[in-house]
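In: output the structure for:
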Amino acid sequence: MVFREQGSMVALVRVSSKDLKDIPNPKLDSPAPPLNLPEGWDQILPEMQVTETDHIITKKQWGAFYGTELDLQLRRRGINTIVLCGIATELGVDTTAREAFMHGYQLILAIDAMTGFTQTGHDYVKNFIFPRIGRIRTTQEIISALAEPSNE
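Out: Residues are numbered from 1 along each chain as shown. Predicted coordinates for the structure are as follows:
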């Protein structure tokens with residue numbers, strides 16, 4: 001809500017597919033768990049309070065950059081810093097963070113606004129990957145920084 005009030009771009013990312021034929025299906029050593037997708041599995045939760053100014057990014061894989069218009073929309077607006085949160089830390093958030101890093105974006109990782117499939121997976125990414133590609137902050141630290149001018 002704070003970002004919307006300041007006129008910042010808000011991008012909400014979701015995974016979606018009409019028939020799952022456009023979702024990557026590689027041969028794996030460890031098969032993915034079966035998909036038990038309930039009705040509305042790909043809808044953004046009402047609690048997110050989507051507004052008409054939000055950008056809905058639909059991805060087909062772990063990262064939010066590949067095959068989407070996210071990079072285009074950020075660059076057209078001159079945005080070079082991304083505040084990232086989401087599910088799951090060790091898959092989608094990590095992949096998106098790495099993609100953003102490789103695209104040259106500055107990253108702020110809202111660590112208390114993400115969760116992993118396991119605490120071990122979340123902690124590994126938080127402790128070993130994120131410090132090498134961005135700045136880890138709590139949501140309160142991020143909101144406080146928005147209220148005051150900073151060199152961060």
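In: which stretches of the chain form helices?
Out: For the chain, the helices defined by DSSP state H occupy 2-5, 70-76, 94-102, 119-124, 130-133, 139-147.
In: chain center to the first one, what's the gap?
Out: Here the centre of helix 2-5 is set off from its chain's centre by 17 Å, with Cα atoms, centre = their mean, to the nearest Å.
In: please apply the same query to the second one.
Out: Mean-position distance between helix 70-76 and its chain equals 14 Å (Cα atoms, centre = their mean).
In: and the contacts of that helix?
Out: Residues from elsewhere that reach helix 70-76 (Cβ atoms under 8 Å, 6 or more residues apart in numbering): Met9, Ala11, Val13, His55, Ile57, Ala64, Phe65, Asn80, Ile82, His103, Tyr105. Where C-beta positions appear, they are placed from N, C-alpha and C, glycine not excepted.
In: try 7 Å this time
Out: Ala11, His55, Ile57, Ala64, Phe65, His103 (Cβ atoms under 7 Å, 6 or more residues apart in numbering).
In: which one of those residues has the most neighbours?
Out: Within the contacts of helix 70-76, neighbour counts (other Cβ atoms under 10 Å) peak at Ala64, which reaches 26 neighbours.
In: residue with max distance from the center of this protein?
Out: Farthest-out residue of the chain from its mean C-alpha position, per Cα atoms, centre = their mean: Asp29, at 26.4 Å.
In: want to throw the helices of the chain into JSON lines with mean neighbour count?
Out: Conversion of the helices of the chain to JSON lines gives the following (neighbours: other Cβ atoms under 10 Å):
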{"stretch": "helix 2-5", "mean neighbour count": "12"}
{"stretch": "helix 70-76", "mean neighbour count": "15"}
{"stretch": "helix 94-102", "mean neighbour count": "20"}
{"stretch": "helix 119-124", "mean neighbour count": "14"}
{"stretch": "helix 130-133", "mean neighbour count": "14"}
{"stretch": "helix 139-147", "mean neighbour count": "14"}
